[in-house]
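Novice: after the sequence you'll find the predicted model.
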Amino acid sequence: MRRLRQQLAALLLGAALLTLPAAAVPLTLNGALLDVGDAPLYGDTTYVPLRSFLEELCPDVRITWDGRRATVTRAGLTLIAEPGESVLVYNGDRVSLPRPVLLEKGRTLVPVRILAQLLGYTVGWSHKNQTVLLTTDGYRGTWSEEDLYWLARIISAESQGESWAGKIAVGNVVLNRVASPEFPNTIYGVIFDDRWGGQFEPVRNGTVYNAPTDESFRAALACLNGENTVGDSLYFLAPHLTSNHWTMENRDYVTTIGAHWFYR
């Protein structure tokens, strides 16, 4: 009986979600648009139709439906998605989801981030284009080895002791500046922009030349592949470490991650 009540509650939650307006979200893989049909956004979670998503990415996949749940099989993979449940069963393990699996117009809808990560993809989000960005290991688009190197160095120097999200955020600011007409159009140029005595403290004190950590290299690659935690922020500072609060007084606040406050 308890199990039945839990299932009913989850299904009612899914039904409530489906009554909310949902925008279709585009998805890209290594920069190329994916044709997965309608990928709706409910709240802050992008869903994808399980069958069309997997058939687009994994041509050898087999998907069956027993009237209650979808079962996905391919070499080395078994995945079960049951509408109303807030988990996927992946090779026997239960993997939590941010929102429940949904059933809409005969389609099984699954939150894309967890599903794509289980398949080995890196998942990012473009705030500017409102697009889900899927990338494969090692993909860098048009970025060079030098770009990766210097981005890793500034991330390492600026975000020691910060979380993964904080490291990504520092890299995001650098890349947002590259894309902005207000700043130089290369990663190296942004880092060593010497206006107002220099833009980054590690350049002024020389710590930008220290060997970057392995995690900073991974964070730099994730940033170049589209992972984003601070949207279109162009500035950050640690208020308790500086007496220069020009940014706080003149730019729009976005968010705080760890010791850093971010502004656009």
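Specialist: That came through fine.

Novice: what is the burial count for G231?
Specialist: With neighbours defined by other CB atoms under 10 Å, the count for G231 comes to 16. For the C-beta atoms, the positions are set from N, CA and C on the backbone; glycine is no exception.

Novice: where does the stretch 1-150 of the chain dip in pLDDT?
Specialist: Low-confidence segments of the stretch 1-150 of the chain (pLDDT under 70): 1-23, 128.

Novice: can you rerun that using 50?
Specialist: Residues of the stretch 1-150 of the chain meeting the criterion pLDDT under 50: 1-21.

Novice: how about the strands of it, start to end?
Specialist: For the stretch 1-150 of the chain, the strands defined by DSSP state E, counting those that start in this stretch occupy 23-24, 27-29, 32-33, 40-42, 45-49, 62-65, 70-74, 77-81, 87-90, 93-96, 102-104, 107-111, 122-126, 131-135.

Novice: select, out of the ones you listed, the one closest to G231.
Specialist: Checking the strands of the stretch 1-150 of the chain against G231 by CB to CB gives strand 122-126 as the closest, at 9.1 Å.

Novice: residues touching F192, list them.
Specialist: Neighbour list for F192: 198, 203 [criterion: CB atoms under 8 Å, 6 or more residues apart in numbering].

Novice: do me a favour and get the end-to-end distance for stretch 203-221?
Specialist: End-to-end span of stretch 203-221 (CA to CA, to the nearest Å): 21 Å.

Novice: run through who's touching that stretch.
Specialist: In contact with stretch 203-221 (CB under 8 Å, 6+ apart) are residues 138, 140, 148-149, 151-157, 159, 164, 167-168, 171, 191-192, 197-198, 200, 202.

Novice: can you pull the buried residues of it?
Specialist: For stretch 203-221, burial by neighbour count (16 or more other CB atoms under 10 Å) applies to 203, 207-208, 212-213, 216-221.

Novice: likewise for stretch 236-254?
Specialist: 236-237, 247, 254.

Novice: of all these, which two lie farthest apart?
Specialist: By the measure CB to CB, L237 and V254 form the most distant pair in those, at 12.1 Å.

Novice: just the buried residues from the contacts of stretch 203-221, in PyMOL please.
Specialist: This is how PyMOL selects the buried members of the contacts of stretch 203-221, with burial counted by 16+ other CB under 10 Å:
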select buried, resi 148+151+152+153+154+155+156+157+159+167+168+171+191+192+200+202
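
Novice: next step: the contacts of stretch 203-221 restricted to helices.
Specialist: 148-149, 151-157, 164, 167-168, 171, 191, 202 (DSSP state H).

Novice: return the member of the residues you listed nearest to V230.
Specialist: I168 (8.0 Å).
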